[in-house]
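Visitor: below: sequence and its predicted model.
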Amino acid sequence: MKIHEIFDELKEVARQKGITVRRDQGRFRSGYCILNEKRVVLFNRTTPLEMQSSVLARCLINENIDDIYVKPVIREYIDKEKNTGKKENDFNLKIEL
């Protein structure tokens with residue numbers, strides 16, 4: 001499966017779990033946040049697709065995805081990201097106003 005297909009599948013899983021995936025321009029690090037009481041994974045447009053896929057998979061680790069159909073290759077991708085040793089908080093955005 002190509003990386004853009006993996007990313008599209010991960011976005012669909014996120015959508016089914018009520019998480020919005022957005023790509024915006026600006027000076028920020030990609031990651032997960034709660035914006036206006038909605039769960040959002042926000043990506044900087046300059047972030048490579050491989051990194052976007054990794055971040056999105058890491059954000060889905062704590063979601064219960066057993067109640068929806070997820071292709072086995074996507075479950076494996078999420079599990080692989082779970083075992084990378086990165087902390088889940090590495091992808092939580094901190095918004096400073």
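Guide: That came in fine, so what should we check first?
Visitor: return the distance of the lowest-mean-pLDDT helix or strand in the chain from the chain's centre.
Guide: The helix or strand of the chain with the poorest confidence is strand 31-35; it has a mean of 87 (mean pLDDT, DSSP states H and E). Remark: strand 31-35 is offset 10 Å from the chain centroid, using CA atoms, centre = their mean, to the nearest Å.
Visitor: what comes up buried for it?
Guide: Of all the residues in strand 31-35, those buried under the rule 16 or more other CB atoms under 10 Å are G31, Y32, C33. Where C-beta positions appear, they are placed from N, C-alpha and C, glycine not excepted.
Visitor: if I pick the closest residue to A57 other than its chain neighbours, what's in contact with it?
Guide: Of all residues not flanking A57 in the chain, E81 sits nearest, at 4.0 Å (CB to CB, 6 or more residues apart in numbering). Residues near E81 by CB atoms under 8 Å, 6 or more residues apart in numbering: S54, A57, R58, I61.
Visitor: now, which of those residues sits nearest V13?
Guide: V13 has its nearest neighbour among the contacts of E81 in A57, at 9.1 Å by CB to CB.
Visitor: how many neighbours does the closest one have?
Guide: By other CB atoms under 10 Å, 23 other residues sit near A57.
Visitor: and for I3?
Guide: By the criterion of other CB under 10 Å, I3 has 14 neighbours.
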